[in-house]
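J.: Predicted model and sequence follow; I will ask about them next.
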There are 2 protein chains.
Amino acid sequence: MEVQAVDYLAEERGKAAFDVEAMKVVWAGSRHSLEVSDRMARLVASDPVFQKDTRTMLGRKELFNNTLRKAAHAWKRINELRLTEEEAQKLRNFVDEPSYVDLHWGMFIPAIKGQGTDEQQNKWLTLAYKMQIIGCYAQTELGHGSNVQGLETTATFDPKSDEFVIHSPTLTSSKWWPGGLGKVSTHAVVYARLITDGQDHGVHGFIVQLRSLDDHSPLPGITVGDIGTKFGNGAYNTMDNGVLQFDHVRIPRDQMLMRLSKVTREGKYLHSDVPRQLVYGTMVYVRQTIVADASIALSRAVCIAVRYSAIRRQFGSQDGRPESQVIDYKTQQNRLFPLLASAYAFRFVGEWLKWLYADVMQRLQASDFSTLSEAHACTAGLKSLTTSITADGIEECRKLCGGHGYLCSSGLPELFAVYVPSCTYEGDNVVLLLQVARFLVKTVSRLGSGKKPLGTTAYMGRVEHLMQCRSDVRKAEDWLNPSAILEAFEARAIRMAVSCAQNIGKASSPEEGFSELSADLVEAAVAHCQLIIVSKFIEKVQGDVDGQGVKEQLQILCNIYALSLLHKHLGDFLSTSCITPNQGALANDQLRALYSQLRPNAIALVDAFNYTDHYLGSVLGRYDGNVYPHLYEAALKDPLNDSVVPEGYDAHIKPVLKQRFRVSRL
Amino acid sequence: MEVQAVDYLAEERGKAAFDVEAMKVVWAGSRHSLEVSDRMARLVASDPVFQKDTRTMLGRKELFNNTLRKAAHAWKRINELRLTEEEAQKLRNFVDEPSYVDLHWGMFIPAIKGQGTDEQQNKWLTLAYKMQIIGCYAQTELGHGSNVQGLETTATFDPKSDEFVIHSPTLTSSKWWPGGLGKVSTHAVVYARLITDGQDHGVHGFIVQLRSLDDHSPLPGITVGDIGTKFGNGAYNTMDNGVLQFDHVRIPRDQMLMRLSKVTREGKYLHSDVPRQLVYGTMVYVRQTIVADASIALSRAVCIAVRYSAIRRQFGSQDGRPESQVIDYKTQQNRLFPLLASAYAFRFVGEWLKWLYADVMQRLQASDFSTLSEAHACTAGLKSLTTSITADGIEECRKLCGGHGYLCSSGLPELFAVYVPSCTYEGDNVVLLLQVARFLVKTVSRLGSGKKPLGTTAYMGRVEHLMQCRSDVRKAEDWLNPSAILEAFEARAIRMAVSCAQNIGKASSPEEGFSELSADLVEAAVAHCQLIIVSKFIEKVQGDVDGQGVKEQLQILCNIYALSLLHKHLGDFLSTSCITPNQGALANDQLRALYSQLRPNAIALVDAFNYTDHYLGSVLGRYDGNVYPHLYEAALKDPLNDSVVPEGYDAHIKPVLKQRFRVSRL
């Protein structure tokens, strides 16, 4: 690795009032996790095949080919080094380039695991684990996204041949978006309407081979291709998101995924006795990983913006001294520090979701479905909230880096472009919030029934108190009291939910009311989800935390997270009379004081993420702060700088300057 | 032009309750303006050289070369057709591709006009108007952006040779960002610290030749290149933003722009008697065009999202009927319609700013500087507000198009990437709001002095009433009363400004207080600027508006604009006690009713922008709504679809499938 000749951030690092190494462990979740991540990150960073600093300059084909090369190389290294599953997964993460591999491991294999019978798993997973087949997950269609029940592709059982006929009846039924489909996958889990004997049984999953294992050409009846360029330089253009049409493609009956329901040789459709709720378990799992990824993506952006804000100087020069570091401006802190706090908040709520998933699965196996709808609503809401804030937060960090944030060498444009689809996939964020709202309204309606609300809705059990309580904050520091914060957030959330439920009650029908008030319902759902994150952050801080000064820093971050939300959503808190305007102003005063406490620790708090310069991929976010020479160096690599006089000079510049077509009346 | 075989939006168009052609005139500003725009847009759309549908797939060199080709072709057509200046400018706009031409006409020529003496203008503009020289505007440096006074480049007068020596003393003094600099410009207006006889006179402008007019090679002492890839596909990568270093480059003394101050043959530095305030006139001009551009960019995004929302169907299918159009969902309306209203609001405030600029210039020529600081603050604030909302609004429109909005063929990724630098250039948006805030605090402090506040701050003259008034809204419809809206916005703005001023007064010094409270000051500035836009929209609606039903539609849009802001910033209105929580809820009820009124007119309201499919550049926003076949067609053009089996198959996919390196313990 490169020798670090300078450290322009050394002085900043010296200011930290806490043990950075201990904070690294807190961030990583455990000493073991930190060690593995650190080792894998360095392994990737030191391998020339995994370099990515010219990625944003490549044309589509070159880019895609390079991704294939990296994916193959990663697989080679994983095998050569006999990496464990944990190590292999981290290595793939640090390669940091979307590819077919993500869908193979992250969607194709889990779908077979979750929906395949034991025999099916035995057959297909054996091949998939060795990558003797490569799979993708073909659900969404050109005309159908969030509403899975609207899919048009059909799988019609032909009892004569004991086969399913997979068919795309319309243009809009073309499978559209599946990653890895366009150019690479040999197989797919395809979702299609199951039809037996003229009867439509709804959408089911089928394993379909797409390409020849001999020469990779598409099999008969299959039309497949790439869906074209997507947002941003590099970014998701490394992925072959694909389009797929079936012209009466036949597959054996045993390639329907039959764990939950099956079709017999005679064409009878039967449900198994495996609980269908297991599907929700998978959803909880997938969304939990999305929340964890949100904290990673946001922390990368924040790391870049915090470091560069300490290097960049602007205005405030007096007596010939250097200008002020932009991180010292309150406007910069007011935008940046809540995002830093959010990164930590999302990390901890993600950690808790991991626990929740384990808990849900344990219960499911014991046929206890009591917590499922609460867990489902909670993960849906947290997926929505964390991905929205992260996408906006990355773009905010980019703006906080001023003009240079617009350069691809800042790393931020690509980080944004590659992250932002999370707001849409695995459930559009607004649709998900409406699901949360539906759950909240239902919970409110049952409050009188004596049945106690569970888990993250437990606070609703204290409805009587929360509907009428008044915050007793009298001075700014009172807002440092976790119970003052919690009560305000709980009161706000329940009052918004109750108000929605009451207004729905006034409508001609509940469905009509729900639809008419859906914008308000979304806001109530946000309030509930923010409460979850705040309360999990408080729990984390109140638990055991090792390391000198670490707990104090987390306390500051937690308060910044909560009070900045309170300020941002002041209208909610005031309109529900949870707090008074004066208490709102006091919260704001306290927030400013917290920014001053955070300021000297800011660099160390982003160092605690332990990201390599390779992984960050940002000249502005370099560990050593040596920004300007490297911005220059990065610029020189642009293809346009291959020649001093541009290629188009003779054809398109000279004729202008030499007046070849001057007949104007200008 | 292509024959329109279908119109899937015909039914939507039939619902409109107003004269779309009349609205087109309102949007364009005049019948003449509409006619010229329409003619130029069609001219560009029908010329194959100006096609842009594969732009996002091109590599940097190919892209840049294609831009040079378009720029030369546009110049050729402008000359051949003997276009007027107005026509030429519109043609360039509809080519819709950033290039050196923008800086030549938009910055280089105006700088010489504004800062050059009559002789200088005579000499240089003659060449520039014919494009015998191509110029750019070299101000920002690698280490210096917003703070012009921090620039490091020097221009030292050498009395022996009667020349200036232009020099870049450090790496951070490299000129960095100027558009057109990297590869094309032959000349630049360079900003440098003027030094005579060892004395630093601050930053001044100089005309410097960069490249040979014979062979385009950089002149001795000049190092110049491109600064590399920027955010997004296509987008600003068509522009050669450049880096420039001077090694003691000598220019004749008469190439200093000497309208405001000059250096004599003897090396004496003298001010002319031309008022320096003229510089502010230029700023007002530039920012006025930025506000006009904001309404264009936002309306393009909104047009795409509105049309596609009427085509896209999702959920809500009953009895086998089609799913619901997503535009009918309240959550969609709640995000989309305020942006549609904002596009109109920005259009009208931009129109008013054009008037303001003319007014300011007239006064300047009569040495009346009384309105200058108010006009300066007002344009700074409106630039900030409109560009921020537009950038966020484009991205919101992209999300409102679901997954397909992430495809480059939707047009939205490029629209976002090409627009978003407006938030940073010509004054960072937060820095500008602080300037507005400084002006507001000053205005508040003078309220007792008897001097009446002017123009957009005139309402502050009614401080006594506004500090204590209470809204008398009692039912939802009361919010349709313009004076109810205006008073609430005025009261909120002045109360926030006064509160900031009071809190600053408590600090140890005004500067310290201003700095500590800067986040609050930004919010106060936003409140003031929103009031300006709301009041100009109301004025527009209350003036003469021709066309059946047009005024009614504008009224609805105006109310949506104001009430959606009120809801978004409810915390401001409640914490300053301008309205009660109940009045806030009534505003929200009224807003929902307004959405229902707008809904049938939505398509016609975006048709009124009169954008060609070429200019929109979006498969999703097509006039005929024939989205899906064209999405498919666009996908097929991707370079990855040149071959069915991807180029990398043998090298990087086959070895994986064929287990060339399987020694894993996975």
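T.: That came in fine, so what should we check first?
J.: Only C-alpha atoms from now on, for both contacts and neighbour counts.
T.: Noted.
J.: pLDDT score assigned to residue A:237?
T.: Residue A:237 is assigned a pLDDT of 97 by the prediction.
J.: Who are the contact partners of it?
T.: Shown in contact with residue A:237 (CA atoms under 8 Å, 6 or more residues apart in numbering or on different chains): A:60, A:63, A:64, A:229, A:230, A:231.
J.: Repeat the analysis, applying 7 Å as the threshold.
T.: Shown in contact with residue A:237 (CA atoms under 7 Å, 6 or more residues apart in numbering or on different chains): A:60, A:229, A:230.
J.: For chain B, see how far away residue A:349 is.
T.: 25 Å (CA to the nearest CA, to the nearest Å).
J.: packing partners for the helix or strand containing that residue?
T.: Residue A:349 belongs to helix A:330-365 when elements are defined using DSSP states H and E. Helices and strands touching helix A:330-365, by 3 or more CA pairs under 7 Å, 6 or more residues apart in numbering or on different chains; DSSP states H and E, are helix A:278-311, helix A:372-400, helix A:518-542, helix A:550-568, helix B:518-542.
J.: Would you point out which residue of the stretch 251-400 of chain A is nearest chain B?
T.: residue A:331 (5.1 Å; CA to the nearest CA).
J.: Let me have the helices and strands packed on helix A:330-365 in a markdown table, adding mean pLDDT and mean neighbour count as columns.
T.: Listed next are those as a markdown table, based on pLDDT from 0 to 100; neighbours: other CA atoms under 10 Å in any protein chain shown:
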| stretch | mean pLDDT | mean neighbour count |
| --- | --- | --- |
| helix A:278-311 | 94 | 23 |
| helix A:372-400 | 97 | 24 |
| helix A:518-542 | 98 | 23 |
| helix A:550-568 | 98 | 22 |
| helix B:518-542 | 98 | 23 |
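J.: Would you tell me which of those helices gets closest to residue A:51?
T.: With CA to CA as the criterion, residue A:51 lies closest to helix A:278-311 of the helices and strands packed on helix A:330-365, at 17.7 Å.
J.: what's the angle from that closest one to helix A:372-400?
T.: Angle, helix A:278-311 to helix A:372-400, by axes from the mean of the first three to the mean of the last three CA atoms, to 10 degrees: 20 degrees.
J.: does the residue of the stretch 1-150 of chain A found nearest chain B sit in a helix, a strand or a coil?
T.: Of the stretch 1-150 of chain A, the residue with the smallest distance to chain B, taken as CA to the nearest CA, is residue A:79 at 4.0 Å. At residue A:79 the chain is in helix, as set by DSSP: H, G, I helix; E, B strand; the rest coil.
J.: picking that back up, can I assume the residue of the stretch 251-400 of chain A closest to chain B is in contact with residue B:519?
T.: Yes. Shown here, residue A:331 and residue B:519 form a contact pair, counting by CA atoms under 7 Å, at 5.1 Å.
J.: Find the nearest non-adjacent residue to the residue of the stretch 501-650 of chain A found nearest chain B, please.
T.: Closest residue of the stretch 501-650 of chain A to chain B, CA to the nearest CA: residue A:571 (3.5 Å). Excluding the flanking residues, the one nearest residue A:571 by CA to CA, 6 or more residues apart in numbering or on different chains is residue B:571, at 3.5 Å.
J.: my hunch is that the one you found is in a helix, does that hold up?
T.: Yes. Per three-state DSSP, residue B:571 lies within a helix segment.
J.: pretty sure it is in contact with residue A:575, am I right?
T.: No. Using CA under 7 Å, residue B:571 is not in contact with residue A:575; the gap is 8.1 Å.
J.: TSV for the helices and strands packed on helix A:330-365, including distance to residue A:429?
T.: Output for the helices and strands packed on helix A:330-365, formatted as TSV (distance: least, CA to CA, whole Å):
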stretch	distance to residue A:429
helix A:278-311	12
helix A:372-400	5
helix A:518-542	10
helix A:550-568	19
helix B:518-542	28
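J.: hmm, back to that, list, out of the contacts of residue A:237, those positioned next to chain B.
T.: With CA under 7 Å from any CA of the partner chain as the criterion, the members of those in contact with chain B are A:60, A:229, A:230.
J.: Restricted to helices, list those residues.
T.: The helices, defined by DSSP state H, take in residue A:60 from these.
J.: any idea which of the ones next to chain B among the contacts of residue A:237 is closest to residue B:475?
T.: Checking the ones next to chain B among the contacts of residue A:237 against residue B:475 by CA to CA gives residue A:230 as the nearest, at 47.6 Å.
J.: So what does the residue nearest to that closest one when sequence neighbours are not counted have for phi and psi?
T.: Of all residues not flanking residue A:230 in the chain, residue B:407 sits nearest, at 4.4 Å (CA to CA, 6+ apart). Backbone torsions of residue B:407, given as degrees, to the nearest 10, read phi -80, psi 140.
J.: Residue A:174 too?
T.: Backbone torsions for residue A:174, taken as degrees, to the nearest 10, come to phi -60, psi 130.
J.: Please tell me how far it sits from residue A:200.
T.: According to CA to CA, to the nearest Å, residue A:174 and residue A:200 sit 19 Å apart.
J.: between these two, which one's more packed in?
T.: Set residue A:174 next to residue A:200 and count neighbours by other CA atoms under 10 Å in any protein chain shown: residue A:174 wins out with 28 against 13.
J.: Check what pLDDT the more buried one gets.
T.: Listed pLDDT for residue A:174 reads 98.
J.: Tell me who's in contact with the residue of the stretch 251-400 of chain A closest to chain B.
T.: Residue A:331 neighbours (CA under 7 Å, 6+ apart): B:518, B:519.
J.: If we use 8 Å, what do you get?
T.: Neighbour list for residue A:331: B:430, B:518, B:519 [criterion: CA under 8 Å, 6+ apart].
J.: Next: residue A:300.
T.: Applying CA under 8 Å, 6+ apart, we find residue A:300 in contact with A:611, A:616.
J.: now the strands: where do they sit in the stretch 101-250 of chain A?
T.: Ranges of strands in the stretch 101-250 of chain A, per DSSP state E, counting those that start in this stretch, are A:135-138, A:154-158, A:163-167, A:175-176, A:187-196, A:199-209, A:222-226, A:242-246, A:249-252.
J.: can the fourth one be found next to chain B?
T.: Same thing as strand A:175-176. No. Counting by CA under 8 Å from any CA of the partner chain, chain B is not contacted by strand A:175-176; separation bottoms out at 9.5 Å.
J.: Give me the contact list for that strand.
T.: Counting by CA under 8 Å, 6+ apart, residues outside strand A:175-176 touching it are A:138, A:139, A:140, A:141, A:142, A:227, A:241, A:242, A:243, A:244, A:245.
J.: try 7 Å
T.: Here strand A:175-176 makes contact (CA under 7 Å, 6+ apart) with A:138, A:139, A:140, A:141, A:142, A:242, A:243, A:244, A:245.
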